[in-house]
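Engineer: Next input, structure requested:
(chains A and B)
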Amino acid sequence: MTGRPDELLARLHRDEWARLVAVLARQFGDIDLAEEVAQAAMETALVRWPNDGVPRSPSAWLLTTARRAAVDRVRRDAVYTGKLAGYALERPSTAPPAESEAIAGLEDVYDEQLAMMMACCHPAIGPADQIAMMLRFAAGLTTQEVAAGLLQSDSTLQARITRAKKRIAANRIPLAVPREAGALSERLDLVLSAISLIYTTGYDTPVGERVVRAELTGEALRLARIVLGALPEEAEAEALVGLLLLTQAREAARIDEDGVPVALEDQDRRRWDAAMIAEGTALVERAARRPTVGRFTIQAAIAAVHAEASSIERTDWRQIVVLYDLLLARGDDPIVRMNRAIAIARRDSPAEGLVLLRNLEGVPELERHHPFHASLALLYTEVGDAEAARAAWERALDLVEGAPQRRFIQRRLEDLR
Amino acid sequence: MKYVMLLMANLDDARCGDDGEAPSEQDFIDFDRELEEAGILRGGFALTDPELGTTVTKASSDAAPVITAGPYAESREFVGGTIVIEVDDLDEALRWAARCPGAVGGRVEVRPMLEI
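Structural biologist: Residues are numbered from 1 along each chain as shown, chains lettered A, B, ... in the order given. The predicted structure follows:
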């Protein structure tokens, strides 16, 4: 590692704060203590490295320094001693680290990070708080960054984090990966759902000037990769990484030079990222060959069918309808029914798709969902009913606050004139 | 760590009556034995029907107590009993709560005991 110590530290803070806290929290069973000593280690480094030089393995140095601070803190503080007495705690030595220990840093701590995610996504923590905790403690964003990413005020976000940490500590929610297969797959599902929600939150921002918040989409992909790193045999983890890659691959074509979204049928597919598609498709294929097929595997398979097609017309809509049927067989979901109706419009005819879509009118979840009205508008246009199309675009416009998405709809309205 | 399972039921819920779907007394006795054998049972109690309760409330510390017959009128939910267990963490407590007959039809609220 090279660079000035302060620049290096800023980068380490960004890349390794979450891993450092995860390892310490797991060892000492206390997130607050872990945060405190991780911060202290960073501050010590800021003072010492400019004078003493940057250690050979900076992350190992940080971990060792933080561990010592934690041990000191525990010994000094009767409250912590009492609190930690219940944990079968292996107290680390305070002797200077041996060379081998110093080298073993944070390079391979998927398990600790997964354990932290499992705690963050415990069902005893509310869904909105889970997302906040994941971004703070698994992705390592600052509370201000998380608040900005989730479009919440700093104080709301801080309150979420405080409440969730208190629940983890007071209830003794284990910072551990569940051992039983059943419990593991249930919790994994919550972790993957949270990651997927972080991605979608970043993918389509409902307000402001930017459609995409790359800090969220990028973190979601990174977190999914960490889960897969820890659980390489889990098909759904594999499928989620695949799904995110296949979606991310369209990024360059999805937004035009004015920052306005481009509909799938109008995207220049040559601008899709071929490397991401290759990696994503390989993951999906592997996930699909495993004995149990979950919802992310099916969603990723749909994304893969889109990715391999050279145009909307050459897309295998027959296959896509089959995959949506598989999703619906797992449980009814209005959004999936909406997407299936659109696939039917492409496979059979716009009129047939429109009938299915219109059957969904009045479903509250869809009435609030602007893509539902946009889909109706597109199919009305295709069957030649400009009046109904205009009304549907206007309903979509009423639901959208983001400036780029509004421009997208306004352009469509102009096209109808 | 000690956790209390609060066995909650609802006055409006038909299943907490004496019909066939409600867990029987024997179900609770069996569950108690299971906890005993696992070595984690630390206490608990069962309660009589909520209609038999009497509610006391005071507007302030020196106000006269207001005594009313029956449970707190605005709440349809009541505590039917409690079980105290001592286990390692919440996941283990939740696994036991999921086995509790009180979770069928009613609900079991798991709360860590405040250690003073």
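
Engineer: What strands flank the lowest-mean-pLDDT helix or strand in chain B, and is each parallel or antiparallel?
Structural biologist: One helix or strand of chain B scores below all others by mean pLDDT, DSSP states H and E: strand B:66-69, with a mean of 87. Note on strand B:66-69: by DSSP bridges, its sheet partners are strand B:54-57 (antiparallel).

Engineer: average pLDDT for the strand it pairs with?
Structural biologist: The average pLDDT within strand B:54-57 is 89.

Engineer: Next secondary structure after the least confident helix or strand of chain B?
Structural biologist: strand B:77-86 (DSSP states H and E).

Engineer: same for the biggest helix by length in chain B, what does it pack against?
Structural biologist: Longest helix in chain B, counting residues (DSSP state H): helix B:25-38. The contact analysis (3 or more Cβ pairs under 8 Å, 6 or more residues apart in numbering or on different chains; DSSP states H and E) places helix B:25-38 against strand B:41-46, strand B:77-86, helix B:90-99. All C-beta atoms are positioned from the backbone trio N, CA, C, and that covers glycine.

Engineer: buried ones in the second one?
Structural biologist: Buried residues in strand B:77-86, counted by 16 or more other Cβ atoms under 10 Å in any protein chain shown: B:Glu77, B:Phe78, B:Gly80, B:Gly81, B:Thr82, B:Ile83, B:Val84, B:Ile85.

Engineer: who in the stretch 151-300 of chain A is up against chain B?
Structural biologist: Within reach of chain B by Cβ under 8 Å from any Cβ of the partner chain, the stretch 151-300 of chain A has these residues: A:Ala170, A:Asn171, A:Arg172, A:Ile173, A:Pro174, A:Pro178, A:Ala183.

Engineer: Mind checking which of those residues are in helices?
Structural biologist: Per DSSP H, those map to helices at A:Ala170, A:Ala183.

Engineer: Now for the residues of the stretch 151-300 of chain A next to chain B: which two are most distant?
Structural biologist: Greatest spacing in those, by Cβ to Cβ: A:Ala170 and A:Ala183 (21.0 Å).

Engineer: So, low pLDDT: which residues of chain B?
Structural biologist: B:14-21 (pLDDT under 70).

Engineer: can you list the residues of it near chain A?
Structural biologist: Within chain B, the positions adjacent to chain A are B:Met1, B:Asp88, B:Asp89, B:Leu90, B:Asp91, B:Leu94, B:Arg95, B:Pro112 by Cβ under 8 Å from any Cβ.

Engineer: if I pick the closest residue to the fifth one other than its chain neighbours, what's in contact with it?
Structural biologist: In space, not counting the residues next to it along the chain, B:Asp91 is nearest to A:Pro174; the distance is 5.6 Å by Cβ to Cβ, 6 or more residues apart in numbering or on different chains. When contacts are counted by Cβ atoms under 8 Å, 6 or more residues apart in numbering or on different chains, A:Pro174 is found next to A:Ala119, B:Asp88, B:Asp89, B:Leu90, B:Asp91.

Engineer: ok, now with 10 Å
Structural biologist: A:Arg26, A:Gly29, A:Ala115, A:Met118, A:Ala119, A:His122, A:Ile168, B:Asp88, B:Asp89, B:Leu90, B:Asp91, B:Glu92 (Cβ atoms under 10 Å, 6 or more residues apart in numbering or on different chains).

Engineer: cool, and A:Thr44?
Structural biologist: A:Thr44 touches A:Trp61, A:Leu62, A:Thr65, A:Ala66, A:Arg68, A:Ala69, counting by Cβ under 10 Å, 6+ apart.

Engineer: Please state the offset of the host helix or strand of the second one from the chain centre?
Structural biologist: Here A:Leu62, judged by DSSP H and E, is contained in helix A:58-76. Using Cα atoms, centre = their mean, to the nearest Å, the mean C-alpha position of helix A:58-76 is found 30 Å from that of the whole chain.

Engineer: swap in stretch A:333-343?
Structural biologist: Counting by Cα atoms, centre = their mean, stretch A:333-343 comes out at 23 Å from the chain centroid.

Engineer: Any buried residues in that stretch, and which?
Structural biologist: For stretch A:333-343, burial by neighbour count (16+ other Cβ under 10 Å) applies to A:Val336, A:Arg337, A:Met338, A:Asn339, A:Arg340, A:Ala341, A:Ile342, A:Ala343.

Engineer: Among those residues, which ones are in helices?
Structural biologist: Using DSSP H, the buried residues of stretch A:333-343 in helices are A:Val336, A:Arg337, A:Met338, A:Asn339, A:Arg340, A:Ala341, A:Ile342, A:Ala343.

Engineer: now A:Asp52: how far from A:Thr143?
Structural biologist: Distance, A:Asp52 to A:Thr143, by Cβ to Cβ, to the nearest Å: 31 Å.

Engineer: So these two - more neighbours on which side?
Structural biologist: Using other Cβ atoms under 10 Å in any protein chain shown, the more surrounded residue of A:Asp52 and A:Thr143 is A:Thr143, with 17 against 10.

Engineer: and the more buried one, how far is that from A:Thr162?
Structural biologist: For A:Thr143, the distance to A:Thr162 (Cβ to Cβ) stands at 10 Å.

Engineer: residues contacting A:Met118?
Structural biologist: A:Met118 sits next to A:138, A:173-178, A:183-184, A:187-188, A:190-191, A:227, A:230, B:91 when contact means Cβ under 10 Å, 6+ apart.

Engineer: Can I have the buried ones of the residues you listed as a ChimeraX selection?
Structural biologist: In ChimeraX, this line selects whichever of the contacts of A:Met118 come out buried by 16+ other Cβ under 10 Å:
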select /A:138,173,174,175,176,177,178,187,188,190,191,227,230 /B:91
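
Engineer: Return the member of the contacts of A:Met118 nearest to B:Ala73.
Structural biologist: For the contacts of A:Met118, the nearest to B:Ala73 is A:Ile173 (35.6 Å; Cβ to Cβ).

Engineer: Pull the contacting residues for that closest one.
Structural biologist: Neighbouring residues of A:Ile173 by Cβ under 10 Å, 6+ apart: A:118-120, A:122-125, A:164-165, A:167, B:89-91, B:94.

Engineer: re earlier: so which of the ones in helices among the buried residues of stretch A:333-343 comes closest to chain B?
Structural biologist: Lowest distance from chain B to those (Cβ to the nearest Cβ) belongs to A:Val336, with 29.3 Å.

Engineer: was I right about the closest one contacting A:Arg295?
Structural biologist: Yes: between A:Val336 and A:Arg295 there is a contact under Cβ atoms under 10 Å: 9.4 Å.

Engineer: Tell me the residues that contact both of these two, please.
Structural biologist: Taking Cβ under 10 Å, 6+ apart as the contact rule, A:Val336 and A:Arg295 both touch A:Leu326, A:Leu327, A:Arg330.

Engineer: Would you agree B:Gln115 falls within a helix?
Structural biologist: Just so we're on the same page, residue B:115 is Glu rather than Gln. No: counting by DSSP: H, G, I helix; E, B strand; the rest coil, B:Glu115 is located in no helix; its state is coil.

Engineer: Can you tell me the closest non-neighbouring residue to it?
Structural biologist: B:Lys2 (7.3 Å).

Engineer: and that neighbour, how far is that from chain A?
Structural biologist: 10 Å (Cβ to the nearest Cβ, to the nearest Å).

Engineer: So the spatially most distant residue from the centre of chain B: helix, strand or coil?
Structural biologist: Centroid-distance maximum for chain B: B:Asp62 at 31.0 Å, with Cα atoms, centre = their mean. Under three-state DSSP, the three-state class of B:Asp62 is coil.

Engineer: same thing with A:Ala194?
Structural biologist: Recorded secondary structure, A:Ala194: helix (three-state DSSP).

Engineer: and A:Ala275, what does it touch?
Structural biologist: Residues near A:Ala275 by Cβ under 10 Å, 6+ apart: A:Leu245, A:Ala249.

Engineer: low-scoring stretches of the stretch 1-150 of chain A, by residue?
Structural biologist: Applying pLDDT under 70 to the stretch 1-150 of chain A picks out residues A:1-3, A:78-108.

Engineer: switch the cut-off to 80
Structural biologist: Where the stretch 1-150 of chain A drops to pLDDT under 80, the residues are A:1-6, A:8-15, A:77-109.
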